[in-house]
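K.L.:
Sequence and predicted model, in that order:
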Amino acid sequence: MGKLPTGPLEVRLAATLFLLLLGVANLFGAWEVRNFASFTPRGVARTVAVEEHPAMAMPDHESTTIEEKPIDLAGLDRPHHTIGRDLLVQDTHVHVPVYALTAAALCLIAFGLALSSAVRVALVALAFVAPLLDFAGLWGAHLVPRLGLFFGGVTVAGGLAMGLAYLIVLWLTLFQCWISRSKKELDHA
């Protein structure tokens, strides 16, 4: 525990390059979320809401009502992407194990940093609770659409929490393994 900053060059380099490569993957993941879902609770809820077929939406086939609805011209050409139950099952099957492996790798690197036990516990909790929140929110918004806004917020909070865990471990690794180390080496020269 706590020996990564004073560890061999190749170990520090491997940890740093892993984190930087993970950051590239996270940037593309965020881009994908922006393209197909949303970074807002309302957008998340709308993306995973159970699709309602037009025939089911009509309360009575015998009566016809005419209603004017405002149209947002800017949104006419933009397709609305939805994630149905089958895709949500697939996403969960693929993303949860990847999230778990990512959380485990972040924790292993955090264990190697010079941190108090309390900080390590907080990072472990943050790294593993974040994906749980993310997917609990997605499934909640899908299964209980009337609480979609709440569950969409849970999803957004989970995604932000995972990003925060990553950024904390990245910053601490860069600082302890390279920035602080360089300063100490200069001071001893």
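P.N.:
Ah, there it is. Numbers count the residues shown, from 1 in each chain.

K.L.:
element containing the most centrally placed residue in the chain?
P.N.:
In the chain, the centroid-proximal residue (Cα atoms, centre = their mean) is Gly159; its distance is 2.8 Å. Assigned by DSSP states H and E, Gly159 falls within helix 148-174.

K.L.:
Val98 now?
P.N.:
Element membership of Val98 [criterion: DSSP H and E] is helix 85-112.

K.L.:
Enumerate the positions of the helix or strand harbouring Leu21 that are buried.
P.N.:
Taking DSSP H and E as the definition, Leu21 sits inside helix 9-36. Buried residues in helix 9-36, defined by neighbour count with 16 or more other Cβ atoms under 10 Å: 12, 15-16, 19, 22, 26, 33. Any C-beta I mention is one placed from the backbone N, CA and C, and that applies to glycine too.

K.L.:
want to try CSV for these, with distance to Asp91 and pLDDT as columns?
P.N.:
Below are the buried residues of helix 9-36 laid out as CSV (distance: Cβ to Cβ, whole Å; pLDDT from 0 to 100):
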residue, distance to Asp91, pLDDT
Arg12, 34, 97
Ala15, 29, 97
Thr16, 30, 98
Leu19, 24, 97
Leu22, 19, 96
Asn26, 16, 92
Val33, 11, 83
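
K.L.:
Just after the helix holding Leu21, pick out the following helix or strand.
P.N.:
Following helix 9-36 in sequence, per DSSP H and E, is helix 41-48.

K.L.:
Lowest mean pLDDT among the helices and strands, pick that one out for this protein.
P.N.:
helix 54-57 (a mean of 46; mean pLDDT, DSSP states H and E).

K.L.:
any idea which of the buried residues of helix 9-36 is closest to Ser116?
P.N.:
Ser116 lies nearest to Ala15 out of the buried residues of helix 9-36, by Cβ to Cβ, at 19.4 Å.

K.L.:
Setting aside sequence neighbours, what's the nearest residue to the closest one?
P.N.:
Computed as Cβ to Cβ, 6 or more residues apart in numbering, the closest residue to Ala15 that is not its neighbour in sequence is Ile109, at 5.1 Å.

K.L.:
could you list every residue that touches that neighbour?
P.N.:
Contact analysis of Ile109 by Cβ atoms under 8 Å, 6 or more residues apart in numbering lists 4, 15, 18-19, 169, 173.

K.L.:
mind checking how far it is from Val169?
P.N.:
Ile109 sits 6 Å away from Val169, going by Cβ to Cβ, to the nearest Å.

K.L.:
Setting the sequence-adjacent residues aside, check what's closest to Asn35.
P.N.:
His81 (7.8 Å).
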